[in-house]
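Q: Sharing a model that was predicted from the sequence below.
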Number of protein chains: 2
Amino acid sequence: MKFEVTILGSSSATPVYNRNPTAQLLNCNEKFYLIDCGEGTQQQLIKYGFKASKIDFVFISHLHGDHYFGLIGLLSTLHLNGRVKPIKIFAPAALMEILVLQFKHSETIIRYPIEFVATTADNPSQIFENNDVIVETIILNHRIPCTGFRFTQKKRLRRLIVDKLEHERIPIEYYPMLKRGVDLTLPNGQVLKNIDYTLDSDEPKSYCYCSDTLFDERYFSSIQDCDTLYHEATFLHEMLDRACQTHHTTALQAAEVAKIVNAKKLLIGHFSSRYKTLQPILDEALTVFERTELAIEGVTYQV
Amino acid sequence: MKFEVTILGSSSATPVYNRNPTAQLLNCNEKFYLIDCGEGTQQQLIKYGFKASKIDFVFISHLHGDHYFGLIGLLSTLHLNGRVKPIKIFAPAALMEILVLQFKHSETIIRYPIEFVATTADNPSQIFENNDVIVETIILNHRIPCTGFRFTQKKRLRRLIVDKLEHERIPIEYYPMLKRGVDLTLPNGQVLKNIDYTLDSDEPKSYCYCSDTLFDERYFSSIQDCDTLYHEATFLHEMLDRACQTHHTTALQAAEVAKIVNAKKLLIGHFSSRYKTLQPILDEALTVFERTELAIEGVTYQV
């Protein structure tokens, strides 16, 4: 099952050096989850060959513009391109007020349903579940209410050893039970031990997205043991004062977070416009956490 | 005196084929006037090497998103980059309501003054004047209230024939009066005929911007005899029904407008996403009006 994230925007606050404001596209089993949506996200989707129409779920971490100014344009484009299927948006309540005001003044009556779910930044909670994934909020510490998101795959059914089943002419009617881990005793007394005919499915993985936040241990339990941790790393550690003042994290701190929560991999982004080249930011994080990568626009990372 | 316009966005409704939603940058005597501001305008400014900080005036034609969704991001970037000088925005009143709501929820207190002037789409009127230019609205016929803008240069002072003045040792104290077209009789009885020492300045030029509109003769008087007419040409004429239905113009109609109003040059843009290549649109307009050019992003056109 596919579980991968493509970076559409890696810049903090303002676009610069060909870096765009924050947006990511998570592909989980060919369903597409947009995480934050800075200005120009729809252009970035086109640039990297993704169809906006495939996005059914949008998660907005907070209402600083570099994380959502692209959403109204994306929604308008979906409307103009004839979308009819619903889209589900998880975001702070005021976003809907902003969208409604903009649609009102353009006299646009959106053709497809927007199912809006207001997030709150008080306690971490599960906000979404389908057959593939569970999504929980992560309560971050930023200047305005801000939630990250933890996407956890669901455990899949066991995998059939089809060659063996076919060779022994086991009727396919028994397959669904075997996939669920059931042992079967047939009318003739034959016992089909589940363990002989199936393999365990892959362990579910989890992706944690921490958009904008101070280093704050209160959210660490929400991201414990994740497979890929995306964490903002706006500044080098020499700018720690500035990071604290603006409620952001340094590359060193992001790496410390990854180490403390036992993440398998760390992806850092949300780079300040003061950094033309990113290697120093990566180098700094690598001193603390080896399995760190830069979030580069257009690159797809396996969770 | 520079009087030129750079196209930053040439697409209608949605970005596609590397074309972005509408935005133009008018340079009049090294002062910068932004006309409409679709999503991604700040990225386009960077791409084409313009400093957003130089823009002091913004004109928004109407509140369809492809003409203003980029403004909030641009204003936010100016704020983050430390702007203190005012910016003047001419737009339908509701735009300020939208901006205020967005700033409120990001808890942003903009550091520089936004001087907002509400435009109305009832009667054409002069909305701006400085030493270089006068701006008047053009009342267009679109689905929602929509104004175009006519930028008319002011007549400059007469140009001194400096070689002759210096050769005849005319004191420079007399120059300002000569530039104003005054004849001078000196104490010794010598007469300095203005016509002998100055040349007429260039004729003032005018740039008309017609963003989104039905072909409608009621606005023709507002754009009469302009030097460069930018006119939307969303569709080929075979799509006339669709053009009428959506309150847009065909390439053929745009060319007819240019001919009727005696424009010196026509620039067409706001191309529908159905057209991957634009040559047929240009060809159609050229059948009616020879001095037509396509509005191509990144290209600067002399008014």
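A: Structure received. Numbering: from 1, shown residues only, chains lettered A, B, ... in the order given.
Q: Going by C-alpha atoms from here, please, whenever you check contacts or count neighbours.
A: Will do.
Q: residues from the stretch 1-150 of chain A in reach of chain B?
A: Neighbours of chain B within the stretch 1-150 of chain A, by C-alpha under 8 Å from any C-alpha of the partner chain: A:13-16, A:39-40, A:42-43, A:46, A:63-66, A:69-70, A:72-73, A:76-77, A:80, A:94, A:98, A:101-102, A:105-107, A:144.
Q: if you set the cut-off to 6 Å instead, what comes out?
A: A:Thr14, A:Gly40, A:Leu63, A:His64, A:Thr77, A:Ser106 (C-alpha under 6 Å from any C-alpha of the partner chain).
Q: So for the residue lying closest to the fourth one once chain neighbours are set aside, what's the pLDDT?
A: Same thing as A:His64. Closest residue to A:His64 apart from its sequence neighbours, by C-alpha to C-alpha, 6 or more residues apart in numbering or on different chains: B:Ser106 at 4.9 Å. Here the pLDDT value assigned to B:Ser106 is 94.
Q: before we move on, what about A:Asp36?
A: 98.
Q: surely it meets A:His67?
A: Yes: contact criterion C-alpha atoms under 6 Å: A:Asp36 and A:His67 qualify, at 5.1 Å.
Q: In terms of packing, which of the two has more residues around it?
A: A:Asp36 (29 against 25; other C-alpha atoms under 10 Å in any protein chain shown).
Q: residues contacting the more buried one?
A: Under the criterion of C-alpha atoms under 6 Å, 6 or more residues apart in numbering or on different chains, the contact list for A:Asp36 reads A:Ala23, A:Phe59, A:Ile60, A:His67, A:Tyr68.
Q: where along the stretch 101-250 of chain A do the helices fall?
A: A:162-167, A:175-179, A:194-197, A:240-245 (DSSP state H, counting those that start in this stretch).
Q: would you turn those into TSV with mean pLDDT and distance to B:Phe271?
A: What follows is the helices of the stretch 101-250 of chain A, written out as TSV (pLDDT from 0 to 100; distance: least, C-alpha to C-alpha, whole Å):
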stretch	mean pLDDT	distance to B:Phe271
helix A:162-167	93	55
helix A:175-179	91	54
helix A:194-197	92	60
helix A:240-245	97	44
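Q: And the closest residue to A:Gln224 other than its chain neighbours, how close does it get to chain B?
A: Of all residues not flanking A:Gln224 in the chain, A:Val261 sits nearest, at 4.5 Å (C-alpha to C-alpha, 6+ apart). For A:Val261, the distance to chain B equals 30 Å [C-alpha to the nearest C-alpha, to the nearest Å].
Q: ok, A:Val261 to B:Val303 distance?
A: Note on A:Val261: its distance to B:Val303, by C-alpha to C-alpha, to the nearest Å, is 61 Å.
Q: how about stretch A:196-212: buried residues?
A: A:Tyr197, A:Thr198, A:Lys205, A:Ser206, A:Tyr207, A:Cys208, A:Tyr209, A:Cys210, A:Ser211, A:Asp212 (16 or more other C-alpha atoms under 10 Å in any protein chain shown).
Q: Give me the buried entries from the residues of the stretch 1-150 of chain A next to chain B.
A: Buried by 16+ other C-alpha under 10 Å: A:Thr14, A:Gly40, A:Leu63, A:His64, A:Thr77, out of those.
Q: Which of those fall within helices?
A: A:Thr77 (DSSP state H).
Q: Next, format the buried ones among the residues of the stretch 1-150 of chain A next to chain B as TSV and append pLDDT.
A: Formatted as TSV, those follow (pLDDT from 0 to 100):
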residue	pLDDT
A:Thr14	92
A:Gly40	97
A:Leu63	98
A:His64	97
A:Thr77	97
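Q: Going by proximity to chain B, name the top residue of the stretch 151-300 of chain A.
A: A:Ser273 (9.9 Å; C-alpha to the nearest C-alpha).
Q: Where does A:Leu74 sit, in terms of helix or strand?
A: helix A:71-80 (DSSP states H and E).
Q: Tell me how far that helix lies from the chain's centre.
A: 21 Å (C-alpha atoms, centre = their mean, to the nearest Å).
Q: Buried residues in it, which are they?
A: For helix A:71-80, by 16+ other C-alpha under 10 Å, it's A:Leu71, A:Ile72, A:Gly73, A:Leu74, A:Leu75, A:Ser76, A:Thr77, A:Leu78, A:His79.
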